[in-house]
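J.: No letters, just coordinates:
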């Protein structure tokens with residue numbers, strides 16, 4: 001199924017286009033504060049943003065990978081990204097998200113992920129999700145709990161392109 005466009009009160013979640021490279025680079029790809037607890041590492045090379053978008057364009061028709069470009073509805077400004085994907089290791093769906101730093105703390109991540117998960121539950125018939133965050137990133141834990149996830153325990157958490165090895169908190173949600 002092709003990744004659909006989703007709308008919330010303040011946001012539009014859409015597919016990426018090749019025209020998004022500069023905005024993605026400026027918003028989060030080049031910011032080490034955003035990448036610190038993500039699986040990827042920030043880069044000062046715009047080519048990394050181009051590679052990210054090229055990969056996402058190959059995944060648009062996937063039945064196991066749904067990534068959205070999060071934009072502000074009134075302006076179309078790119079503020080971040082969210083993802084639901086089938087986690088082979090867990091045999092259920094996983095969530096991921098990141099926002100540009102200037103958009104942190106106003107509920108955009110929770111709003112976007114609620115829309116993505118609603119799509120997964122109603123259109124894909126997903127009944128179970130997992131999520132995790134580094135213990136040093138409690139804001140991500142608050143988002144996960146607001147989405148209804150329940151804490152399961154601590155896990156090894158590798159992030160920032162493998163540069164940071166820490167403890168993570170793992171959560172699960174059954175619908």
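T.: Noted; the coordinates are in hand. From a predicted model like this one, the values you see are computed outputs, not experimental measurements.
J.: Show me where this structure has its helices.
T.: All helices of the chain, identified by DSSP state H, fall at 21-24, 32-35, 46-58, 108-123, 138-146.
J.: What are the buried residues along stretch 125-144?
T.: Judged by neighbour count using 16 or more other CB atoms under 10 Å, the buried positions of stretch 125-144 are 126, 129-134, 137, 140-141, 143-144. Bear in mind the C-beta positions are built from the backbone N, C-alpha and C, glycine included.
J.: Columns distance to residue 15 and mean pLDDT on top of the helices of the chain, output as JSON lines?
T.: Output for the helices of the chain, formatted as JSON lines (distance: least, CB to CB, whole Å; pLDDT from 0 to 100):
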{"stretch": "helix 21-24", "distance to residue 15": "13", "mean pLDDT": "98"}
{"stretch": "helix 32-35", "distance to residue 15": "21", "mean pLDDT": "94"}
{"stretch": "helix 46-58", "distance to residue 15": "8", "mean pLDDT": "97"}
{"stretch": "helix 108-123", "distance to residue 15": "13", "mean pLDDT": "98"}
{"stretch": "helix 138-146", "distance to residue 15": "23", "mean pLDDT": "97"}
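J.: Turn the ones you listed into JSON lines, including distance to residue 80.
T.: Shown next, in JSON lines, are the helices of the chain (distance: least, CB to CB, whole Å):
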{"stretch": "helix 21-24", "distance to residue 80": "9"}
{"stretch": "helix 32-35", "distance to residue 80": "9"}
{"stretch": "helix 46-58", "distance to residue 80": "13"}
{"stretch": "helix 108-123", "distance to residue 80": "7"}
{"stretch": "helix 138-146", "distance to residue 80": "12"}
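J.: So which of the ones you listed is nearest residue 72?
T.: helix 108-123 (8.4 Å; CB to CB).
J.: got the contact list for the closest one?
T.: 1, 4, 6-11, 13, 66, 68, 70, 79-80, 82-84, 93, 95, 97, 99, 126-127, 129, 143, 146-147, 175 (CB atoms under 8 Å, 6 or more residues apart in numbering).
J.: tell me what the helix or strand of the chain with the lowest mean pLDDT is packed against?
T.: Every helix and strand of the chain was ranked by mean pLDDT, DSSP states H and E. The lowest is helix 32-35, at a mean of 94. When contacts are defined as 3 or more CB pairs under 8 Å, 6 or more residues apart in numbering; DSSP states H and E, helix 32-35 packs onto strand 92-99.
J.: Strand partners (parallel or antiparallel) of the strand it packs on?
T.: strand 78-87 (antiparallel), strand 128-134 (parallel) (DSSP bridges).
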